[in-house]
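# A structural model of the following input is requested.
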Amino acid sequence: MAAKKQTKTVSKKKSTLQVSDHGRIYVTSTFNNTLISITNDRGDAISWSSSGNVGFKGTRKSTPYAASIAVEQAAKKAIAKGLKSVDVFVKGPGSGRDSSLRAIKSVGLSISSIADITPIPHNGPRAKKKRRI
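Below is the predicted model:
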């Protein structure tokens, strides 16, 4: 006789996240994608999105339009939880930097400050040898 399988239901405890009116938006814009995460004052994630998460694939993920759609999606979730004003931290060299700021403004969040936190090497490790073609 075969033993019966016992299934166990595990219920996840839903955490109660404290959302004040002020938060932070981190925009990481690479050459291939744009990632957006919205946090509260303490740094706990409220919502997030990316160009790939919205539905864009391939080279269309790196477009400014895809970045603005991703920001709108993440911001709407955050506004529904009670967010009103944000500090924006932009990182990376991609094309979604400027359009994401415009999208934040158009959704209805007020921007308190904008900071560029792109890491810049102060002449770090030795560069690769020059390519010969």
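# what residue is smack in the middle of the chain?
I36 (1.2 Å; Cα atoms, centre = their mean).
# Would it be right to say that that one lies in a helix?
No. Counting by DSSP: H, G, I helix; E, B strand; the rest coil, I36 is not part of a helix but strand.
# For S49, name its beta-bridge partners.
Beta-bridge partners for S49, by DSSP bridges, are I36.
# just use 55 as the starting number from now, easier for me
Sure thing, new numbering starts at 55, so read that last one as S103.
# so who does it touch?
By Cβ atoms under 8 Å, 6 or more residues apart in numbering, the contact set of S103 is 89-90, 124-125, 127-128. Heads up, the C-betas are built off the backbone N, CA and C, glycines and all.
# Now do the strands for this protein: every range, in order, please.
Here the chain has its strands, by DSSP state E, at 76-83, 88-93, 99-104, 139-145, 164-170.
# which one of the ones you listed has the most crowded surroundings?
Burial of the strands of the chain is given as mean neighbour count (mean count of other Cβ atoms under 10 Å); strand 88-93 ranks first at a mean of 24.
# what inclination does that one have with respect to strand 139-145?
Counting by axes from the mean of the first three to the mean of the last three Cα atoms, to 10 degrees, strand 88-93 lies at 140 degrees to strand 139-145.
# what comes into contact with strand 88-93?
Counting by Cβ under 8 Å, 6+ apart, 77-83, 99-105, 115-116, 120-121, 124-125, 128-129, 131-132, 137, 140, 148, 150, 154 sit against strand 88-93.
# So for I187, what's the pLDDT?
For I187, the model assigns a pLDDT of 87.
# How about G178?
At G178, the pLDDT value in this model is 89.
# and stretch 131-142, average pLDDT?
96.
# Show residues contacting that stretch.
Residues outside stretch 131-142 that contact it (Cβ under 8 Å, 6+ apart) are 71, 73-79, 81, 92, 94, 100-101, 129, 155, 158, 161-169.
# Ends of that stretch, what's the gap?
Using Cα to Cα, to the nearest Å, the end-to-end distance of stretch 131-142 comes out at 17 Å.
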